[in-house]
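Colleague: coords please:
(2 chains)
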Amino acid sequence: GAGVSQSPSNKVTEKGKDVELRCDPISGHTALYWYRQSLGQGLEFLIYFQGNSAPDKSGLPSDRFSAERTGGSVSTLTIQRTQQEDSAVYLCASNPTGPLNNSPLHFGNGTRLTVT
Amino acid sequence: RKEVEQDPGPFNVPEGATVAFNCTYSNSASQSFFWYRQDCRKEPKLLMSVYSSGNEDGRFTAQLNRASQYISLLIRDSKLSDSATYLCVVSGYALNFGKGTSLLVTP
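Modeller: Residues are numbered from 1 along each chain as shown, chains lettered A, B, ... in the order given. As a prediction, this is how the structure comes out:
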């Protein structure tokens, strides 16, 4: 497909386990973003990649969260030792050039993470 | 102060009404502005970009006031299908989202 693809679509995990979320952006999009959205809340910025590097990691809530992007394409967001407050929908988005041009984001369907 | 602030609503309006949402932002260096729409349990989708001169797309009109650092969205002749949460988005180092304004259009 031509859109942003995220997997898994749903993930239920036990507290304390590690999880890995995957995002496959639109081909050719150099910028990739991770956001999370808790129930009834707005989008919380986590991290942004330009190519394989992350100029802005300011949104990662703790050192249990990390992300990487390889080959300027697929990105994985890893949450170690998950806590119940990590339960949210994790949304990935991409755009062709980055945040400073008038280029909107294209979102994936998200991964709904539930920590029990 | 949050980067992007919106009145959360909800705004309950009858079909055919005109409704307006405002959004304020804190980073005066922001260059790109958007309105997104998010339906319940769905991902956000672009509604329209916001240009300095203001722009219109059918029943939707967006305005930008750089001096006062606010953006507005006007919806005319509201339809039931307009019911959603409207997210104001402002560029910074990333794209910063407001928490959204909830709109419910009733018959």
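Colleague: by mean pLDDT, point me to the weakest helix or strand of chain A.
Modeller: Scoring the helices and strands of chain A by mean pLDDT, DSSP states H and E places strand A:53-56 at the bottom, with a mean of 85.
Colleague: sheet-wise, list the partners of that strand with their directions.
Modeller: The sheet places strand A:53-56 alongside strand A:43-50 (antiparallel), with pairing taken from DSSP bridges.
Colleague: please enumerate the strands of chain A.
Modeller: A:5-7, A:10-13, A:19-24, A:31-37, A:43-50, A:53-56, A:65-69, A:75-79, A:88-95, A:106-107, A:111-115 (DSSP state E).
Colleague: sheet partners, orientation included, of the third one?
Modeller: Which is strand A:19-24. strand A:5-7 (antiparallel), strand A:75-79 (antiparallel).
Colleague: that strand: which residues count as buried?
Modeller: Across strand A:19-24, burial judged by 16 or more other C-beta atoms under 10 Å in any protein chain shown covers A:19, A:21, A:23-24. C-beta: built from backbone N, CA, C; applies to glycine.
Colleague: now render those as CSV, adding pLDDT.
Modeller: Shown next, in CSV, are the buried residues of strand A:19-24 (pLDDT from 0 to 100):
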residue, pLDDT
A:19, 98
A:21, 98
A:23, 98
A:24, 97
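Colleague: closest to residue B:67 out of the residues you listed?
Modeller: residue A:23 (37.8 Å; C-beta to C-beta).
Colleague: tell me what that closest one is bridged to.
Modeller: Here residue A:23, judged by DSSP bridges, has bridge partners residue A:6, residue A:75.
Colleague: distance check, it against chain B.
Modeller: Computed with C-beta to the nearest C-beta, to the nearest Å, the distance linking residue A:23 and chain B is 12 Å.
Colleague: same question, residue A:9
Modeller: 11 Å.
Colleague: spatially nearest residue to residue B:29, not counting backbone neighbours?
Modeller: residue B:92 (7.8 Å; C-beta to C-beta, 6 or more residues apart in numbering or on different chains).
Colleague: and residue B:45, by the same measure?
Modeller: Nearest one to residue B:45, counting by C-beta to C-beta, 6+ apart, is residue B:37 at 5.7 Å.
Colleague: separation between the one you found and residue A:36?
Modeller: 19 Å (C-beta to C-beta, to the nearest Å).
Colleague: settle it for me: which of the two has more neighbours?
Modeller: residue A:36 (24 against 19; other C-beta atoms under 10 Å in any protein chain shown).
Colleague: contact partners for whatever residue of chain B ends up closest to chain A?
Modeller: Across chain B, the shortest distance to chain A (C-beta to the nearest C-beta) belongs to residue B:99, at 3.2 Å. Applying C-beta atoms under 8 Å, 6 or more residues apart in numbering or on different chains to residue B:99 gives the contacts A:41-42, B:6, B:8, B:87.
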